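Asker: what follows is a predicted structure for the sequence shown.
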Amino acid sequence: MPALEVIGLQKEFGGVTALAGVDISIETGKIAGIVGPNGSGKTTLFNVVAGVYKPTGGRVLWHGKDITGKPTYEINRRGLARTFQQAMSFSGLSVRENVQISYEHGRSHSATSQRKINWSSPDEILSFVGLDRVANELAGSMPFGNLRLLGLALALSTNPSLLLLDEPAAGLSENESEVLTNLILRLAEMEIGVCLIDHDMFFMGALCERLIVLNFGTKIAEGPPSIVLNDPSVVEVYLGIEK
Amino acid sequence: MILAFLIAFPLLNLGYRFLSLAITTGVTAIALYGLGIQFGQAGIMSVGHAAFVGIGAYTAAIVAGMFGIGFWLAIPLSIVMSALCAGMVGLPSLRVGGQHYIIITFCFCALLQIILTNGGTFTGAATGLDVGSIDHLFGINFDQLRNIYYLVTLVLIICLVTTYLIINSPYGRTLRAIRENEMLARAIGINIGLHKIGVFMVSGAFAGMAGILQAYYLRHISPILYGPFPSLYLALMIMLGGSRLIYGPLIGAVIVSFLPEIMRLDPIDSRIAYGIGLLIVVLLLPGGVSAGLLDIYRRLRPRSLK
Amino acid sequence: MIKLIAVCAVSAFTGVMIQKSRAQDQELKIGVVAAESGSFVSAGNTIVAAARLASQQINDSGGINVGGKTYKIKLYIRDNRTDVNVTIAAARELVNDIGVTAIWGTETHDFSVSMAKITGSAKVLQFSGNSSLGAVLDDKSVAPGGWLHYTFQTEPQEWQRSGSTAEGVLTLLTPLLPHPPQHSVVFVGNDATGQYLSSHYVKALEARGQKVDLVKYPPDTTDFSPLLTRIKGLNPDIVHFWYNGDSTLTAFPQALKLDVAPSYFLFGVDPGIYQQRQLKSDKPVTLSCVPVCWGASPSPVVQEYFKKYFDLGASKGPQSSVSLLYYDYFFMYAKALEKVGSIDKPDQIVDALLSMSYQGVVSPVPLTFNVHHQVTFATQVSLVKPGTSDQFVSTIQQPPPSPPPGDPGG
């Protein structure tokens, strides 16, 4: 059974249609990628799935159970975590305190989240993402690359079985991207599902086992990167965008 | 060491005037600790806090008058009533967005004052309600000013300890998360609505305790004590003193209560002084006077830094 | 040599005499708690001024002779900054730190009640000019052991004052109006004192055949035009501006501008201040004083009082006559002390006060306290000649014998 199933999902903001009926399945233990031009509905998809918005139509199923329209905190407790496009943190608190908070909440989540990981302490999480040396720094004063890692650490602390990463590589240097890639690969090894959004086709093509292409709120292609990226309709949509 | 000073204070024999002012300042500080948790930890300011002090006070006075319930048994009643009302007042803000909360608190406070003033014999209307003295407990006579002072100090110490425990607990960390980034807090599984109502109730509970203490010290309460103006003073005190450090609320209460006394300022000059103080805090000392003092302390003793 | 001895002898003798007179002059500690700053400063200042005048006069004329010793009054004046916490702290200081035998004050019902809880249990006498104390002075509270046993209300019961005021206002205004007034609007600040006073005044007016609308304003109001316009729409014959005097002085000119009514009554505004502010109206305006007026004093005694009062430096505020609620009782207290023969017998002093009469300035009739520790005297109501600021006609109105229907008394 797929971990996450999105069926006919629709979302409208005023008169603007962000999602026009999207069907997607995501499995744990695999790395899937969602790509598409700006405004194609990628982040909106994440936001609706994660409970930030209520859809105007369609359903979201988590391990077979309907979670459509449930609040974010509830969805997170069931094992679905996400990061944000703009690197978010609890900026006035230290890095360790940031992770400690999400760790404490992760621990109290119900067992139905089918958790794949069980962290023993916030420090273990910090070591995992490589932030242990800056644990005492104020989150808000950290460089961008570390903020991205912190966002990942926060999401991981909640013991998810599926991670939604929104443009995790945006703004990262070559080295930082490589570190991120390795982390994501390790997560897949730990049987945690990862679904990411990004614009960097090279990065996505190398990392993802499966790509889903969105345009104007609909899915226009799906499959292994080698096939999807050579699909004429996909190429047409991406004409002009750098690889 | 501050605790030692608080306890030894009456022994300094500064006179009944100072003792009386210390008691009323302590009561104000107790109310402020509630606001300190709500604003300092969760980041949610209120300009209607005096209303919850009033609910505690009036609950105590009404149950005393109607059912003959004395001070000690009325304490849980006052605390619970204030907490419940504070929670209820916060409910609408969950729907319409947190920035409306502060307006809701102001309106509630003004509304409460109107209800109390026009409440007929039940609330005593504008003439207010009278309350007896605190019953003896374990043989301690509370007609003695010194004993009232110790009672207030004891409650204040409980507030300090509670605040300390909250700050250094997962609950406190959760509140800080909500303060720093609500969206992110949701994403890591925090039920914002529940925690907000919870912190409103905690804040209200402190206010309720302060209310019953005030009722039994002044022994006469009236609506004018619990309107928007006193609420603004509480907000002023928490900002002056600092909301995030453990002695902030106490420092805020002491400054506002004792500055006019020591410098013999009349109410107009005091308000000018507070305005200047507030400007200084906003521009130079965002953490309030308590943060400023901590900073000075750290600079003078660098080896104490971890 | 002889000169030296003579000088020594004289100085020794003088020294002994000075010692003796110092030993003879005891100190009678009296406290005053009043608003010398803050929003109630107009009334508060008058209490302080009255205390100063009275104690100076008593001390200058030789002090008080109690039990063979001469006592001079030493006043301990404490500003309550219009704050209840400061009031309580001041009361505690006066009672416990300084050890006064009596306290005069305050100008506010709430403060006076809180203070009475302290003075009462310490057996310190308290003289408060708040008619609203009538709500708490009852058989139980004034009995020995009751918390108000040592407290005295130096303002007449409100139903009395309201009754005499209403009678005076209607008597003065009726001849000047095109038809006998039937509809009155009472405009009052909505706090403890305002609510209490207006509740009695409304009954007093209704008992005299008036249909009354009560309009309340928040105490801090400065722009009264919305409410005044509404009042105008009610078409009243008289608008009665009640408590408090400062607000009335702000609201009244606004009302004149809006031409709200054919006649007015201003409570607590002395003719003296009306004249000083150069207020002028072509409609008839009546004023009442709390209790008798400066600027249109009804008798040479009162005129003399106010002359001395202002000469001592008191400010000419809208409520200067409030000082008369406090002044006479210094002399009455002195008389009671002399009668009892000791300053340390509060119970006997209370009994002495309750059984004596004293001819004061505030009333042409001697003052007495009733069983509920309250005084009774007439109210002066004045009419300003329309179109002038300084021509007044006054009537001294005796209080009615009993409360009007619907009035609980007190």
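Answerer: Happy to help now that I have it.

Asker: A:I197 reaches A:G33, doesn't it?
Answerer: Yes - using Cβ atoms under 8 Å, A:I197 makes contact with A:G33 at a distance of 7.4 Å. The way it works is simple: take the backbone N, C-alpha and C, and place the C-beta from them, glycine included.

Asker: who are the packing partners of the worst-scoring helix or strand of chain A on mean pLDDT?
Answerer: Every helix and strand in chain A was compared by mean pLDDT, DSSP states H and E; the lowest is helix A:232-237, with a mean of 83. Helix A:232-237 sits against strand A:210-215, strand A:218-223, with contacts defined as 3 or more Cβ pairs under 8 Å, 6 or more residues apart in numbering or on different chains; DSSP states H and E.

Asker: which of the residues in that helix are buried?
Answerer: A:234, A:237 (16 or more other Cβ atoms under 10 Å in any protein chain shown).

Asker: over to stretch C:86-106?
Answerer: The neighbour-count criterion (16+ other Cβ under 10 Å) identifies C:86-98, C:100-106 as the buried residues of stretch C:86-106.

Asker: same question for stretch B:78-97.
Answerer: Residues of stretch B:78-97 classed as buried: B:78-87, B:89-90, B:93 (neighbour count, 16+ other Cβ under 10 Å).

Asker: for stretch C:237-250, same thing?
Answerer: For stretch C:237-250, by 16+ other Cβ under 10 Å, it's C:237-249.

Asker: C:T165: what's it in contact with?
Answerer: C:201, C:204, C:267, C:288, C:379, C:381, C:397 (Cβ atoms under 8 Å, 6 or more residues apart in numbering or on different chains).

Asker: nearest to C:S55 among those?
Answerer: Set against C:S55, the nearest of the contacts of C:T165 by Cβ to Cβ is C:T379 (26.7 Å).

Asker: and the residue lying closest to A:S173 once chain neighbours are set aside, how far from A:L172?
Answerer: Residue nearest to A:S173 in three dimensions, not counting chain neighbours: A:G145, with 6.8 Å by Cβ to Cβ, 6 or more residues apart in numbering or on different chains. Computed as Cβ to Cβ, to the nearest Å, the A:G145 to A:L172 distance reads 6 Å.

Asker: try A:G69
Answerer: A:G69 sits 34 Å away from A:L172, going by Cβ to Cβ.

Asker: what's the burial count for C:R52?
Answerer: Neighbour count for C:R52, taken as other Cβ atoms under 10 Å in any protein chain shown: 18.

Asker: I'd guessed it sits against C:L312; true?
Answerer: Yes - if you go by Cβ under 8 Å, C:R52 and C:L312 touch, sitting 6.2 Å apart.

Asker: what sits against residue 40?
Answerer: I went with chain A, as the question did not name one. A:S40 makes contact with A:214-217, according to Cβ under 8 Å, 6+ apart.

Asker: my bad, the chain I had in mind was chain B
Answerer: B:G40 neighbours (Cβ under 8 Å, 6+ apart): B:238, B:242-245, B:248.

Asker: of those, grab the buried ones for PyMOL.
Answerer: A single PyMOL command is used to select the members of the contacts of B:G40 judged buried by 16+ other Cβ under 10 Å:
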select buried, chain B and resi 238+242+243+244+245+248
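
Asker: from the contacts of B:G40, which single one is nearest C:H372?
Answerer: B:I238 (45.0 Å).

Asker: host element of whichever residue of chain A sits closest to chain C?
Answerer: Nearest to chain C, among the residues of chain A, is A:G92, at 35.5 Å (Cβ to the nearest Cβ). A:G92 belongs to no helix or strand when elements are defined using DSSP states H and E.

Asker: C:V393: how many residues sit nearby?
Answerer: So C:V393, with other Cβ under 10 Å, has 12 neighbours.

Asker: name the nearest residue to it, sequence neighbours excluded.
Answerer: With Cβ to Cβ, 6+ apart as the criterion, C:V393 has its nearest non-adjacent residue at 4.7 Å, and that residue is C:L383.

Asker: flag every residue of chain A that's near chain B.
Answerer: Residues of chain A lying close to chain B by Cβ under 8 Å from any Cβ of the partner chain are A:50-52, A:71-74, A:76-77, A:81-82, A:84, A:88-93, A:97, A:100-102, A:104-106, A:108-109, A:154-155, A:157-158.

Asker: quick check: pLDDT value at whichever residue of the stretch 251-400 of chain C sits closest to chain B.
Answerer: Per Cβ to the nearest Cβ, C:S315 is where the stretch 251-400 of chain C lies closest to chain B, at 14.8 Å. The model reports C:S315 with a pLDDT of 82.

Asker: then the one 10 residues further on?
Answerer: Among the per-residue scores, C:L325 holds a pLDDT of 91.

Asker: residue 119: what secondary structure?
Answerer: Using chain A. Of the three states, A:W119 takes coil under DSSP: H, G, I helix; E, B strand; the rest coil.

Asker: think we crossed wires, I meant chain C
Answerer: C:T119 is classified as helix under three-state DSSP.

Asker: now A:Q10
Answerer: Put simply, A:Q10 is strand when judged by three-state DSSP.

Asker: what's the burial count for it?
Answerer: The tally of other residues near A:Q10 (other Cβ under 10 Å) stands at 16.

Asker: next up, the contacts around the nearest residue to it once chain neighbours are set aside.
Answerer: The spatially closest residue to A:Q10, leaving aside those adjacent along the chain, is A:G57, at 3.4 Å (Cβ to Cβ, 6+ apart). When contacts are counted by Cβ under 8 Å, 6+ apart, A:G57 touches A:8-10, A:21.

Asker: which one of the contacts of A:S40 sits in the busiest neighbourhood?
Answerer: Of all the contacts of A:S40, A:L214 has the most neighbours under the rule other Cβ under 10 Å, reaching 26 neighbours.

Asker: apart from its chain neighbours, what residue comes closest to that residue?
Answerer: A:G36 is the one closest to A:L214 (Cβ to Cβ, 6+ apart), at 3.7 Å.

Asker: what sits against that neighbour?
Answerer: A:G36 neighbours (Cβ under 8 Å, 6+ apart): A:42, A:213-215, A:237.

Asker: closest one of those residues to chain B?
Answerer: A:K42 (17.0 Å).

Asker: can you narrow the buried residues of stretch C:237-250 to ones near chain B?
Answerer: Answer for the buried residues of stretch C:237-250 near chain B: none qualify (Cβ under 8 Å from any Cβ).

Asker: on that earlier part again, which one of the contacts of A:G57 sits in the busiest neighbourhood?
Answerer: Among the contacts of A:G57, the one with the most neighbours (other Cβ under 10 Å) is A:L9, at 25 neighbours.

Asker: pLDDT value on it, please?
Answerer: For A:L9, the model assigns a pLDDT of 92.

Asker: from C:R277, how far out is the closest residue to it other than its chain neighbours?
Answerer: Leaving aside its chain neighbours, A:L9 sits nearest to A:G58 (3.7 Å; criterion: Cβ to Cβ, 6+ apart). Per Cβ to Cβ, A:G58 is found 75 Å from C:R277.

Asker: low-confidence regions, the chain specifically.
Answerer: Went with chain A since none was named. A:109-116, A:239-243 (pLDDT under 70).

Asker: nope, chain C
Answerer: In chain C, residues with pLDDT under 70: C:1, C:3-24, C:318.

Asker: cutoff 80 now
Answerer: For chain C, the stretches with pLDDT under 80 are C:1-25, C:191-193, C:243-245, C:290-291, C:295-298, C:317-319, C:409-410.

Asker: nearest the geometric middle of it, what residue?
Answerer: When Cα atoms, centre = their mean is applied to chain C, the residue found nearest the centroid is C:L325 (3.1 Å).
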